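**Q** Based on what follows, work out the 3D shape:
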Amino acid sequence: MEHPSGLPELLVPEPGRSVSPGFWTRAYQKLLVFGDLCCALIALGGVVAVRHYALGMFISIFDAVFGAALALSWPLALGLAGGHRKRILGEGTEEFRAVINAWMGLTAFVAIGSYMVQAEVARSYVVAGLPVTVFMTLLFRHRMRKGLHRLRARGDHMRRVVVVGHRASARNLVSQFRRQPYHGMKVVAVCLPYGQFQRRRDGIDGVPVLGDFGDVPEVVDKVDAHAVAVLACPELDGAALRRLAWSIESRGTDLFVAPALLDVAGPRTTIRPVAGMPLLHVEHPRIDGTGHLLKSGFDRIVAALLLFVLALPMLVIGVLIRSTSSGPALFRQVRVGRGGREFDVVKFRTMHQDAERHKKMLEAANEHNGVLFKIRNDPRITRVGVVLRRYSLDELPQLINVLRGDMSLVGPRPPLPDEVEQYGSDVRRRLVVKPGMTGLWQVSGRSDLSWEESVRLDLRYVENWSLALDIQILWKTVSAVMSAEGAY
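**A** Residues are numbered from 1 along each chain as shown. Next up, the predicted model:
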């Protein structure tokens with residue numbers, strides 16, 4: 001039977017009953033293998049049926065056996081590509097990459113193998129069967145992943161984590177895990193540096209501090225932790241970290257180590273052995289050159305297509321704005337773009353025409369503690385504007401800015417000039433790329449984010465930009481906009 005989360009009842013624990021990560025991980029992996037196999041059998045079986053019944057082609061014994069073997073090989077190819085590793089469960093980007101790598105690897109194997117043995121393989125398997133298999137597998141895995149995320153949002157299938165590090169870093173990690181429970185991490189205890197732990201009742205945002213760095217093994221046993229997360233701190237050098245790993249090895253507890261460059265990850269980092277020591281090599285971000293030209297071309301092509309498709313709905317929105325409040329349908333405002341260059345951003349007007357004059361009177365009601373000005377129930381917003389903001393429809397005219405090259409589809413939030421005047425040297429790093437219509441801030445909470453958190457997400461985007469990341473953010477933007485979470 002299937003649970004409302006979308007997962008089978010086998011993977012849904014009873015209320016109040018804890019399930020060990022090992023048990024549900026093995027069950028989840030077996031279900032993935034079974035689902036991957038079913039996707040391949042349905043897709044390749046459909047190719048055989050179309051060839052035989054629709055096209056009237058004769059299906060030889062060799063073709064049937066080869067199709068069945070290809071279907072059986074699909075879960076194996078996914079396993080070799082890392083598609084069943086417990087580390088990627090629930091992580092969409094990693095799963096997507098594993099499925100694509102498995103597809104390319106299996107296609108290459110079939111092509112090279114058929115050439116070597118001079119076998120006549122039906123091209124429909126490679127041209128149609130495998131692509132449909134990939135598409136069905138991605139849909140199946142997406143549904144499984146969303147079901148897992150729903151269970152984790154209610155507190156199930158979470159890893160109990162002990163955080164080891166300084167108080168400020170630990171508080172930041174606790175906040176991130178609470179805001180993004182779909183990663184499956186729940187901080188249950190904190191260990192602080194030597195001399196900072198106090199025996200009296202101590203806690204960090206509701207998480208108890210149970211010891212210092214020397215007490216980690218005992219704390220792991222006390223709270224029955226599944227993992228230890230070590231944050232960057234000078235007290236834990238290589239030797240101390242090695243001893244910590246040895247102390248929890250027999251307990252089967254996983255160890256996660258956060259590098260000092262917390263927001264630099266992915267293709268930019270590689271470990272290179274030099275003189276017997278593993279050194280972390282960090283490449284510079286790909287801001288200019290071919291990558292920039294590719295991003296600019298992609299932005300303008302997609303913006304032009306969207307403007308063509310959305311021209312009529314945008315016209316209707318403009319008429320609604322003009323008919324329900326006085327003033328123009330479009331609102332222009334000076335924003336700061338790449339390199340500090342100012343430009344006029346174009347949006348649908350969501351406030352009354354004299355809204356800027358009343359801003360000073362509302363500054364005391366500002367709900368942000370940074371340079372942003374946001375009020376959840378801003379009295380200046382019109383009735384139509386509430387709906388437009390809720391679903392980010394007011395930002396559709398920014399496609400014109402993208403087409404002109406002022407903005408990108410994905411990037412940091414376009415700031416106001418008076419906001420930029422308050423930037424520190426680190427925050428100005430946001431201005432090395434074009435601002436975007438959407439970004440990590442849009443898919444991670446929107447206006448519910450604090451100023452510091454939105455800056456951190458923007459800097460992470462700048463440091464780790466890639467076209468694949470842009471596509472991923474655009475995909476997530478659709479669900480973020482439809483849910484209207486954090487929009488006001």
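**Q** what about the strands in this protein?
**A** 159-164, 185-192, 203-204, 207-212, 227-230, 254-257, 269-274, 277-282, 330-336, 342-348, 408-410, 436-438 (DSSP state E).
**Q** most tightly surrounded among those?
**A** Mean neighbours per residue, mean count of other C-beta atoms under 10 Å, is largest over the strands of the chain for strand 408-410, with a mean of 27. Heads up, the C-betas are built off the backbone N, CA and C, glycines and all.
**Q** just how off-centre is it within its chain?
**A** Distance, stretch centre to chain centre, for strand 408-410: 16 Å (C-alpha atoms, centre = their mean, to the nearest Å).
**Q** Residues touching that strand, excluding its own?
**A** Residues outside strand 408-410 that contact it (C-beta atoms under 8 Å, 6 or more residues apart in numbering) are 295-296, 298-299, 302-303, 402, 433-439, 461, 469-470, 473-474.
**Q** Restricted to helices, list those residues.
**A** Among those, the members falling in helices (DSSP state H) are 295-296, 298-299, 302-303, 402, 461, 469-470, 473-474.
**Q** Columns pLDDT and neighbour count on top of these, output as CSV?
**A** Shown next, in CSV, are those (pLDDT from 0 to 100; neighbours: other C-beta atoms under 10 Å):
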residue, pLDDT, neighbour count
295, 88, 22
296, 90, 14
298, 92, 16
299, 93, 23
302, 94, 16
303, 94, 21
402, 95, 24
461, 85, 23
469, 81, 16
470, 86, 23
473, 87, 22
474, 89, 17
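**Q** Make JSON lines from those residues and add distance to residue 240 to it.
**A** What follows is the ones in helices among the contacts of strand 408-410, written out as JSON lines (distance: C-beta to C-beta, whole Å):
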{"residue": "295", "distance to residue 240": "42"}
{"residue": "296", "distance to residue 240": "47"}
{"residue": "298", "distance to residue 240": "46"}
{"residue": "299", "distance to residue 240": "47"}
{"residue": "302", "distance to residue 240": "50"}
{"residue": "303", "distance to residue 240": "52"}
{"residue": "402", "distance to residue 240": "50"}
{"residue": "461", "distance to residue 240": "33"}
{"residue": "469", "distance to residue 240": "35"}
{"residue": "470", "distance to residue 240": "40"}
{"residue": "473", "distance to residue 240": "38"}
{"residue": "474", "distance to residue 240": "43"}
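**Q** Do a quick rundown of the helices in the stretch 1-150 of the chain.
**A** For the stretch 1-150 of the chain, helices defined by DSSP state H, counting those that start in this stretch occupy the ranges 21-49, 61-80, 92-116, 123-124, 130-153.
**Q** And the ones you listed, which one averages the lowest pLDDT?
**A** Among the helices of the stretch 1-150 of the chain, helix 123-124 has the lowest mean pLDDT, at a mean of 78.
**Q** and the residue lying closest to residue 46 once chain neighbours are set aside, how many neighbours?
**A** Using C-beta to C-beta, 6 or more residues apart in numbering and skipping residues adjacent in sequence, the residue nearest residue 46 is residue 132, 7.0 Å away. Counted by other C-beta atoms under 10 Å, the residues lying close to residue 132 total 16.
**Q** Residue 67 versus the closest residue to residue 468 other than its chain neighbours, what's the distance?
**A** Once flanking residues are discounted, residue 468 sits nearest to residue 93: 7.8 Å by C-beta to C-beta, 6+ apart. Counting by C-beta to C-beta, to the nearest Å, the gap from residue 93 to residue 67 is 31 Å.
**Q** Between those two, tell me which one has more neighbours.
**A** Remark: of residue 93 and residue 67, residue 67 carries more neighbours, 24 against 12, as counted by other C-beta under 10 Å.
**Q** what's around the closest residue to the more buried one other than its chain neighbours, how many residues?
**A** In this structure, residue 67 finds its nearest non-sequential neighbour in residue 44, 4.8 Å apart by C-beta to C-beta, 6+ apart. Residues near residue 44, counting by other C-beta under 10 Å, number 24.
**Q** hmm, who's touching stretch 327-341?
**A** Outside stretch 327-341, the residues touching it (C-beta under 8 Å, 6+ apart) are 317-319, 321-322, 342-353, 397, 406-407, 414-417, 419-420, 431-435.
**Q** same deal with stretch 74-89?
**A** By C-beta under 8 Å, 6+ apart, the residues outside stretch 74-89 that reach it are 25, 28-29, 32-33, 36-37, 39-40, 94-95, 98-99, 101-103, 105-106, 109, 133, 137, 148, 184.
**Q** ok, residue 226 touching residue 253?
**A** Yes. Residue 226 lies in contact with residue 253 (C-beta atoms under 8 Å); the separation is 6.5 Å.
**Q** Show me what counts as buried in stretch 104-124.
**A** Residues of stretch 104-124 classed as buried by neighbour count (16 or more other C-beta atoms under 10 Å): 106-107, 110, 121-122, 124.
**Q** Can you find the helix or strand in the chain with the smallest mean pLDDT?
**A** helix 359-362 (a mean of 60; mean pLDDT, DSSP states H and E).
**Q** I'd like to know how far residue 458 sits from residue 392.
**A** Remark: distance between residue 458 and residue 392 (C-beta to C-beta) = 17 Å.
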